[in-house]
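>>> return atomic coordinates for the entry below.
(2 chains)
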Amino acid sequence: MMSLDLSCPLPISDYPQVVLAHGGGGSLTAQLIDKMFGPAFSNPLLDARHDGAVFESHGGRLAFTTDSHVVTPLFFPGGDIGSLSVNGTVNDLAMCGARPLHLSAGFILEEGFPMEALWRIVQSMRRAAEVAQVQIVTGDTKVVDRGKGDGVFITTSGVGVIEHGLTIAPSEVRPGDVVILSGDIGRHGVAILTARESLAFETTVESDCASLAAPTLGLLEAGVEVHCLRDLTRGGLATAAVEIAETSGLRIDLEETAIPVLDGVRGACEILGLDPLYMANEGRLVAFVRAEDAARAIEVLRSHPVGRQSSVIGSVAEGDRGLVTLRTGLGTSRIVTMLSGEQLPRIC
Amino acid sequence: MRFVDEYRDAESVHRCARAIARATTRPWTLMEICGGQTHAIVRFGIDELLPEGLRLVHGPGCPVCVTPVELIDKAVEIARRPGVILCSFGDMLRVPGTRGDLFTAKAEGGDVRVVYSPLDALRIAQETPDREVVFFAIGFETTAPANAMAVHQAHRLGVGNFSVLVSHVLVPPAMEAILGEPDNRVQGFLAAGHVCAVMGREEYEPIAQRWGVPIVITGFEPLDILRGVLRCVEMLEAGQPGVDNQYARSVRDEGNVHAQRLMRQVFRIIPRKWRGIGLIPRSGYGLRPRYAGLDAEARFGVAGMTAEESTECISGQILRGVKRPHECPAFGTRCHPEHPLGAPMVSTEGACAAYYRHRRFARSEA
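The predicted model follows:
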C-alpha cells in the first residue's frame, strides 16, 4: 500500500500554496513545470521544452502553441492586452520556425467591464493579426462575477505550418554558434512598470510588442541554417539564455557592450535597481546560427523594421554545462543566472 | 547616459585599478558598508581588478539583510489580519521569517502591496479609509527621511487608518560594533554614499579617530568604488586615519539638514536588534512619543513577539566581514535564493545572493 502513497506525492513541498513568483517566468515557474506539469503530462513533444510543439501531420509538419495573457494595466504605451495576446502566440509559433496560420482566442471577461474598452482590445487584436498574417478562426467567451477577474484575461492558441526541413530547438545549438539579438532589450517591462506604477520619467518608453513572424520566415527563406530561436518574454534575455544553455548542455558567453539598451530603459532600471537583462520583452528574439551564417542572418533580420538593430551578442562554447557568462564593459566577467521570481525593486 | 557612463568608462576604470596596484605594498582588508556597493562590485566584477592581497569584505548595509527575523514575523502577522493592507518595499517580500514570508501571507489572502515610496502607502490609506494601512518602514538613514515625512504627514492630516512598522537602523553604530569584535579583520571602510548624502561626514570623524581607521565616503559606480578603494589604500599605506569624501558630487559635509531635522522630529534613537549581529545600543530609530499613535506594533499588539534566528545561517559572520558567502557550508546547497536560510541570500543587495547570482563559478575558490 505504501507504493500507492509514494507514486503520487505532492511534488512541490516548498510552497503549500501558489505564490506569484510561480508565474514569474523564473526558476519557480521552471520548478512548477519540472516537478508538476512535466512529469504529469510527459511525452516527447512536451519534453522538448520548446515554445511550441512541432509534430508530423498528413505528410507535413505543424507547430502548435498556447499562451495566456494577464496584464495590468490592460493598455500601456506601445500596446495593449489585445496586441500582446496575438503577438505572443504568433511569436511562439515563429520560434518553432513555423509560418503562423490560425489562432483561437478565449476571453474571460469580468462582469462590469466597459464594452468600449473591450472593443478597443478586439480592434487591436484584429490589427495585430493582419500584420502577422494570421486569422483568428475560433474562440470562446466566459464572464465571471465582478471581483473575480482583472477586467479581461485572454488565452490564444495557434497553429502554424513548417515549410523547411530544419529542426529548430535548443538541442540543435552547437559549439561555435553565434547568438544574434534582434534589437534593444527591456522595453516592454519598463513600459508596463511605469504605466502600472504611474512612474513619470522624462521619456515614455514604449513596449516593443510586435510580431516576429516576418523576420524569422525571412531567415528561413534566405536559407540560413537556424539552430534555435527564442523570443524574449518574461525573465528577459538572461532567462532565455540560461534556459537554452541548460537544455543544450553548452556554455553561452555574452558581451554586455553588444547588447543594445535604450537610454530610457537604462535610466528607469538604474533608478529602480533593476537589471535590463531580466526585463520583459514582447518583440525581441535571439537566434543561434553557425558563425559563417551570422553576416547573412543579420542582413536579413535588419531588413525588417523589428530587427533593425540586430547584432551578434555572444557565442556558444563547449563545457561548463548550462553556464551563461557575461563579459562586462570593464572586461571583467560574471555569470548570469535565472531569477527565482520577478525582479523586485531594490530599497535604496 | 550622463552621471553613469563616465563612471563606467573602461579606460578610466583600468587607470584607477593600476593606481591602486601601484599604491598597495601589503595586504589590506576593506569593507564596503552598503549593499548597493556590494551589488555593483559583484555585478561589474570590480574585485577582479584589485591586486592580490587587497580584499573587499561586504558590510551590513543591506536593509533587508539586517532586519531581524522577529520583525518579519510581526509584518507577516499583521498582513494576515483581516482588513489590513500591508505596504512594503519590494525585496522585503521574499525574506523568510519563522512563520513564512510576506509572499506567502499574500498567497494566503493577505493584502500585501509593493510600494516605491512610503507616501504611496499614505495615499492608499487616504483612498481606503475603511482599511488599516501599515507601512513596513525599514532601511538605513537613506530611507528614513521619506518615512519620517510619511509619519509627519499622516499625523498632520489625521489619517487615522495609517501606521508604520518601524525597523530603522543606523550605520555608524554598526561600524563600531564591527570594529569592536575580537575577530575583526576590517582595516578601512568605504562609507555608503547615499547615507552620507543625508547625514554628512561629521559622525564618522570620531570613529576614524577612536579606532584609527580610514573611512572614505564612496559612490556606487565602478569608478566611484575604485576611487574609494584607492583613497582608502593610500591612507592605510601612509598610516593616516581619517575621513575623506570621494563622492563629493552627491555628499556635502553637513549632509541634508532639512532631512535631518525632519528625522529628529519624528524619530528618536533607540537600541535595535540586527539580524545576524544582535542587539546594538543606540543603533536605530523608533517613533517619538508624539507619534506613538502611528506605531503599528502597538496598534496590532505584536510588540511582544520574539523569534530565534536559524542556527545554520552564518549571516552574522558574513555581515561583519569575518567570512565570505562561499565559505558558508550551506551556500548554494541548503541555502539558495529560492530557499534562503537567511536574509543575505534574499535581497539582490545581500552578499550571499550577489555571490550566488554572479559568482557561482567561484564557489570552489579561496
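
>>> please name the residues that touch the closest residue to A:Gln135 other than its chain neighbours.
Leaving aside its sequence neighbours, A:Gln135 sits nearest to A:His102 (C-beta to C-beta, 6 or more residues apart in numbering or on different chains; 5.7 Å). Backbone N, C-alpha and C define where each C-beta goes, glycine included. A:His102 sits next to A:Val134, A:Gln135, A:Ile136, A:Val137, A:Thr138, A:Gly158, A:Val159 when contact means C-beta atoms under 8 Å, 6 or more residues apart in numbering or on different chains.

>>> check B:Met345 too.
Here B:Met345 is in contact with B:Cys335, B:His336, B:Pro337, B:Cys352, B:Ala353, B:Tyr356 (C-beta under 8 Å, 6+ apart).

>>> now the closest residue to it other than its chain neighbours: which helix or strand?
Closest residue to B:Met345 apart from its sequence neighbours, by C-beta to C-beta, 6+ apart: B:Cys352 at 4.2 Å. Taking DSSP states H and E as the criterion, B:Cys352 maps to helix B:351-358.

>>> can you check B:Cys196 too?
With DSSP H and E as the test, B:Cys196 turns up in helix B:193-199.

>>> so after that helix, what's the next helix or strand?
Next along from helix B:193-199, by DSSP H and E: helix B:205-211.

>>> still on that earlier bit, buried set for the helix or strand hosting the residue nearest to A:Gln135?
Here A:His102, judged by DSSP H and E, is contained in strand A:99-110. In terms of neighbour count (16 or more other C-beta atoms under 10 Å in any protein chain shown), strand A:99-110 has its buried residues at A:Arg99, A:Pro100, A:Leu101, A:Leu103, A:Ser104, A:Ala105, A:Gly106, A:Phe107, A:Ile108, A:Leu109, A:Glu110.

>>> before we move on, what about stretch B:204-223?
B:204, B:207-208, B:211, B:213-223.

>>> same check, this time on stretch A:298-305
Buried, per 16+ other C-beta under 10 Å, within stretch A:298-305: A:Ile298, A:Val300, A:Leu301, A:Arg302, A:His304.

>>> looking at A:Thr257 now. What's its pLDDT?
For A:Thr257, the model assigns a pLDDT of 95.

>>> look at it and give its secondary structure.
helix (DSSP: H, G, I helix; E, B strand; the rest coil).

>>> pretty sure it contacts A:Leu330?
No - using C-beta atoms under 8 Å as the test, A:Thr257 is too far from A:Leu330 to be in contact (9.8 Å).

>>> mind listing what the residue of chain A found nearest chain B touches?
Residue nearest to chain B within chain A: A:Thr332 (2.7 Å; C-beta to the nearest C-beta). Contacts here follow C-beta under 8 Å, 6+ apart; on that basis A:Thr332 touches B:Phe44, B:Gly45, B:Ile46, B:Glu48, B:Leu49.

>>> next one: it from B:Phe3, what distance?
A:Thr332 is 22 Å from B:Phe3, where distance means C-beta to C-beta, to the nearest Å.

>>> swap in A:Val178?
For A:Val178 relative to B:Phe3 (C-beta to C-beta), the value is 34 Å.

>>> those two: who's more crowded?
Legend: neighbour count by other C-beta atoms under 10 Å in any protein chain shown for A:Val178 and B:Phe3, higher for A:Val178 (20 against 11).

>>> next one, pLDDT for that one please.
pLDDT at A:Val178 comes out at 98.

>>> dump the residue contacts of it.
Contacts of A:Val178 by C-beta under 8 Å, 6+ apart are A:Phe288, A:Val289, A:Arg290, A:Ala291, A:Ala294, A:Val312, A:Gly314, A:Ser315, A:Val316.

>>> going through the residues you listed, which ones are buried?
Neighbour-count burial (16+ other C-beta under 10 Å) applied to the contacts of A:Val178 gives A:Phe288, A:Val289, A:Ala294, A:Val312, A:Gly314, A:Ser315, A:Val316.

>>> just confirm the fifth one contacts A:Ile180, I think it does.
No - in terms of C-beta under 8 Å, A:Gly314 does not count as a neighbour of A:Ile180; the distance is 9.1 Å.

>>> returning to that earlier point: the contacts of A:Thr332 also near chain A: which ones?
Contacts with chain A are made by B:Phe44, B:Gly45, B:Ile46, B:Glu48, B:Leu49 out of the contacts of A:Thr332, judged by C-beta under 8 Å from any C-beta of the partner chain.

>>> show me those residues that map onto helices.
Assignment to helices by DSSP state H places none of those there.

>>> got those residues as TSV, with neighbour count and pLDDT columns?
Output for the ones next to chain A among the contacts of A:Thr332, formatted as TSV (neighbours: other C-beta atoms under 10 Å in any protein chain shown; pLDDT from 0 to 100):
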residue	neighbour count	pLDDT
B:Phe44	24	92
B:Gly45	19	91
B:Ile46	23	94
B:Glu48	15	92
B:Leu49	23	95
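
>>> want to throw the contacts of B:Met345 into TSV with neighbour count and pLDDT?
Listed next are those as TSV, based on neighbours: other C-beta under 10 Å; pLDDT from 0 to 100:
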residue	neighbour count	pLDDT
B:Cys335	24	89
B:His336	19	85
B:Pro337	24	79
B:Cys352	32	88
B:Ala353	29	83
B:Tyr356	24	84
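
>>> all strands for chain A, in order.
Along chain A, counting by DSSP state E, strands occupy A:53-57, A:60-69, A:75-76, A:79-80, A:99-110, A:135-144, A:152-162, A:178-181, A:226-231, A:251-255, A:285-289, A:311-317, A:324-327, A:333-335.

>>> make CSV from those and add distance to A:Gly267 to it.
Below are the strands of chain A laid out as CSV (distance: least, C-beta to C-beta, whole Å):
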stretch, distance to A:Gly267
strand A:53-57, 40
strand A:60-69, 28
strand A:75-76, 18
strand A:79-80, 21
strand A:99-110, 35
strand A:135-144, 38
strand A:152-162, 31
strand A:178-181, 20
strand A:226-231, 25
strand A:251-255, 22
strand A:285-289, 24
strand A:311-317, 21
strand A:324-327, 20
strand A:333-335, 22
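
>>> still on that earlier bit, how far does the strand holding A:His102 sit from the chain's center?
17 Å (C-alpha atoms, centre = their mean, to the nearest Å).

>>> check the gap between A:Cys209 and A:Arg327 for me.
Distance from A:Cys209 to A:Arg327, by C-beta to C-beta: 30 Å.

>>> now do B:Cys16
Applying C-beta to C-beta, the value for B:Cys16 to A:Arg327 is 19 Å.

>>> if anything else comes up later, I'll come back, but that's it for now.
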